[in-house]
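> Here is my input, please return the structure:
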Amino acid sequence: MDRSETVLLTVEDISRIIEMAWEDRTPFEAIEYQFGLKQADVIVLMRQELKPGSFMSWRKRTRGQQTKHQALRSKAVNRHCSTYQHKQYRP
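As a prediction, the model looks like this:
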């Protein structure tokens with residue numbers, strides 16, 4: 001996102017971006033496609049919205065993680081969530 005471009009985000013949008021950023025299987029490209037924020041913009045947003053310790057924990061977790069980058073992902077990873085995630089909510 002250029003400095004001249006401004007993306008207006010609602011509180012709900014910010015909450016969803018933070019949620020997507022914490023998810024292991026959601027690539028930064030999905031956030032960019034949905035909200036127009038590049039990886040660097042997501043990092044800035046996370047730095048602004050999270051406590052310092054939470055931000056450092058998130059950066060440590062996402063740095064170099066292959067599933068967070070579409071180009072580095074294995075072709076076997078084609079879902080946004082684990083197959084086990086849906087099973088735990090079934091009656």
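> mind checking how far Tyr33 is from Pro27?
Applying Cβ to Cβ, to the nearest Å, the value for Tyr33 to Pro27 is 9 Å. For every residue, glycine as well, the C-beta is placed using N, CA and C.
> out of the two, which sits in the more crowded spot?
Between Tyr33 and Pro27, counting by other Cβ atoms under 10 Å, Pro27 is the more crowded of the two (22 against 11).
> and that one, how far is that from Thr62?
11 Å.
> Kindly report the same for Val11.
23 Å.
> Which one's more surrounded, these two?
Taking Val11 and Thr62 together and counting by other Cβ under 10 Å, Thr62 has the greater number of neighbours (19 against 7).
> Against Thr10, how distant is the more buried one?
Computed with Cβ to Cβ, the distance linking Thr62 and Thr10 is 24 Å.
> Report the buried residues of whatever helix or strand Phe55 lives in.
The secondary structure element spanning Phe55 is helix 52-62 (assigned by DSSP states H and E). When burial is assessed from 16 or more other Cβ atoms under 10 Å, helix 52-62 yields the following buried residues: Trp58, Thr62.
> cool, and stretch 35-49?
Neighbour counts using 16+ other Cβ under 10 Å place Phe35, Leu37, Gln39, Asp41, Val42, Ile43, Leu45, Met46 of stretch 35-49 among the buried residues.
> Could you export it as CSV, CA atoms only?
Extracted C-alpha coordinates of stretch 35-49, given in CSV (Å, rounded to 0.1, in the frame of the first residue of the first chain):
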residue,chain,number,x,y,z
PHE,A,35,-8.5,-6.2,2.8
GLY,A,36,-5.9,-4.6,0.5
LEU,A,37,-3.1,-4.8,3.1
LYS,A,38,0.3,-6.1,2.1
GLN,A,39,2.4,-8.1,4.6
ALA,A,40,4.3,-5.0,5.8
ASP,A,41,1.0,-3.2,6.4
VAL,A,42,-0.3,-6.2,8.4
ILE,A,43,2.9,-6.1,10.5
VAL,A,44,2.4,-2.4,11.2
LEU,A,45,-1.3,-3.0,12.1
MET,A,46,-0.3,-5.8,14.4
ARG,A,47,2.3,-3.7,16.1
GLN,A,48,-0.3,-0.9,16.7
GLU,A,49,-3.0,-3.2,17.9
